[in-house]
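Visitor: From the sequence below, what's the structure:
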Amino acid sequence: MIQKKIAEKTRSLMIEVDAKNWLVNGLVSLSVGIAFTVIIFIKNTPLSWFIPYADSTLVIIIVLITIPVPIKVIIQSLKQLLLASPSTNIQQNITHLFETVAKSFLLENYWLRITQIGNTIFVSIYWLLPGEYNLKGIEELDNIREEISQVICQQYPDLMIDIVFTKSSKWAEDIILREK
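Guide: Numbers count the residues shown, from 1 in each chain. Modelled structure (predicted):
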């Protein structure tokens, strides 16, 4: 439990994996205790024929119970190595945060690309401004970018965000298509 809390606080995948390893080791130790207890109780009963199989049976059960743990770790790590997207929940939350802030600005269309490497989430937003948008200067876009970044980074401190503003839907769509 302590390692799990440390893993959540530090957001360290290694500590999280080690905490899961402790859980698996604890289950193995528990199963050894159960095996010895079962053997003691069935030693002089009609079930004594099961004694030679108790150890192997419990090993199979424990392996079947714990095998999802390393498989999930491997899948999660491979996704991060391959620049996969974070969980659907995180993607939806980031999209919701963006849309909430963007409502106060003219927003014709946008494309979001969200990937994750380790603990860092990378967000690329391609924002199509309406043709009638009257740009007062680069500072205006920087202020919009800053406001959006502040809101999203409050929930996701390890987030890198790029916002590209354009009035050309072709340019924005071309970038998205190239990335697929």
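
Visitor: my read: residue 55 touches residue 36, true?
Guide: No - Residue 55 is beyond contact range of residue 36, at 9.4 Å (criterion: Cβ atoms under 8 Å). Where you see a C-beta, it was placed from the backbone N, CA and C, and this is true even at glycine.

Visitor: which one of these two has more residues nearby?
Guide: Comparing residue 55 with residue 36 by neighbour count (other Cβ atoms under 10 Å), the higher total belongs to residue 55, at 15 against 12.

Visitor: Now that one: closest residue in space, sequence neighbours ignored.
Guide: For residue 55, the nearest residue in space outside its immediate sequence neighbours is residue 35; the separation is 5.5 Å by Cβ to Cβ, 6 or more residues apart in numbering.

Visitor: show me the contacts for the one you found.
Guide: Contacts for residue 35 were tallied using Cβ atoms under 8 Å, 6 or more residues apart in numbering; they are 54-55, 58.

Visitor: and the gap between it and residue 54?
Guide: Noted for residue 35: a distance of 5 Å to residue 54, by Cβ to Cβ, to the nearest Å.

Visitor: ok, now residue 74?
Guide: Spatial separation of residue 74 from residue 54 under the definition Cβ to Cβ is 31 Å.

Visitor: More neighbours: those two, which one.
Guide: When residue 74 and residue 54 are compared for neighbours, residue 54 comes out ahead with 17 against 10, by other Cβ under 10 Å.

Visitor: correct me, but that one touches residue 38?
Guide: Yes - taking contact to mean Cβ under 8 Å, the distance of 5.5 Å between residue 54 and residue 38 places them in contact.

Visitor: domain ranges for this protein?
Guide: According to automatic domain parsing, the chain is divided into the following domains: 2-81, 88-179.
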